[in-house]
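Peer 1: I'll drop the sequence and a predicted model, then ask my questions.
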Amino acid sequence: MRLHDPASGRRPLAGILLVALLLVGCSRSAAGAPASAKADVERAYLAWWSARQAAYLKLDPSALKAYATPAALGADVQRMADLRAAGHLLQLLAEHGMQTVVYRDGATASVDDVWADHSVELDSSTLSPIQPDPDVTVHDSTTLRRRGGRWVVDGVFRFGSSHELPGEAVSYAAVAGGKPLPDFYRQPIEDAYRKASRPAVEHNERVAIAQDSVAWVYDTTADGSSVAHTATRLTQTSGVWKGEASS
């Protein structure tokens, strides 16, 4: 696995099993969560990605059972079945921009990932790509749970993508490639959003600008071990940010 410096621009991707880690957002842990817990979560998350890369080249999801709960396996199992029926494999390639929070209970975590998708389907006989690089940025939130002393993936929620795609919303965090806003711009938006939130809820949010007076906050909240995902639109009037209904 090779690290990618976001300041150097996009580099060529080499090898079918490449996962490049882009540290484009600031990763945060909930108050009281040890720094090692966040590192453990991120290692588990990237191990799950590596296992998926290998599985999609064989269309065999069985190895993923060690990295994810049964509830989290459904989408991969279905996609592999669809690929098998079409006679295709998948070369799963991504550049990751992770923002990680370990919540207060110490057994629930969220990885908010704005990742550049370079995955292509392959002809199963020739292993030749049958489509161009999609060159799309995707915004997912993955929940991990600590089970039996280790972290496993328990669900993936898609906030959206950088382009309009069938059945998907546009995430303005993905449009921005995960690049964080300057603090002086982000803080008033985040403060307005947090003011309208319930005090006991923990957050893993990204703030993104849609246009000068419109912002979005994409958040994975935890109330105890219960996790929820919201996308909240905020507008600015006379210099004051106000939230609208969340989706």
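Peer 2: Received it, and whenever you're ready, just let me know what you need.

Peer 1: If the residue nearest the centre of the chain is in a bridge, with which residues?
Peer 2: Geometric centre of the chain, nearest residue: D113, 2.6 Å, by Cα atoms, centre = their mean. Following DSSP bridges, D113 is listed with bridge partners M98, D140.

Peer 1: Does it touch S141 like I think?
Peer 2: Yes - between D113 and S141 a contact is recorded at 7.5 Å, counting by Cβ atoms under 8 Å. C-beta: built from backbone N, CA, C; applies to glycine.

Peer 1: Counting neighbours, which bits of stretch 172-179 end up buried?
Peer 2: Of the residues in stretch 172-179, Y172, A173, A174, V175, A176, G177, G178 count as buried by neighbour count, 16 or more other Cβ atoms under 10 Å.

Peer 1: In a markdown table, list the residues you listed along with pLDDT and distance to E42.
Peer 2: Shown next, in a markdown table, are these (pLDDT from 0 to 100; distance: Cβ to Cβ, whole Å):
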| residue | pLDDT | distance to E42 |
| --- | --- | --- |
| Y172 | 98 | 24 |
| A173 | 98 | 19 |
| A174 | 98 | 20 |
| V175 | 97 | 24 |
| A176 | 96 | 22 |
| G177 | 96 | 19 |
| G178 | 95 | 15 |
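
Peer 1: closest to L73 among these?
Peer 2: Closest approach to L73 among the buried residues of stretch 172-179 (Cβ to Cβ): A174, at 24.5 Å.

Peer 1: and that closest one, which of the three is it?
Peer 2: helix (DSSP: H, G, I helix; E, B strand; the rest coil).

Peer 1: That one and R150, how far apart?
Peer 2: Here the criterion is Cβ to Cβ, to the nearest Å. By it, A174 lies 30 Å from R150.

Peer 1: mean confidence for the helix ranked longest in the chain?
Peer 2: Taking DSSP state H as the criterion, the chain has its longest helix at helix 35-58. Helix 35-58 shows a mean pLDDT of 96.

Peer 1: next SSE after that helix?
Peer 2: Note on helix 35-58: by DSSP states H and E, the next helix or strand toward the C-terminus is helix 70-86.

Peer 1: which helices and strands sit right next to whichever helix or strand comes after that following helix?
Peer 2: Next along the chain after helix 70-86, taking DSSP H and E as the criterion, comes strand 88-91. Contact analysis of strand 88-91 by 3 or more Cβ pairs under 8 Å, 6 or more residues apart in numbering; DSSP states H and E lists helix 35-58, helix 70-86, strand 120-123 as its packing neighbours.
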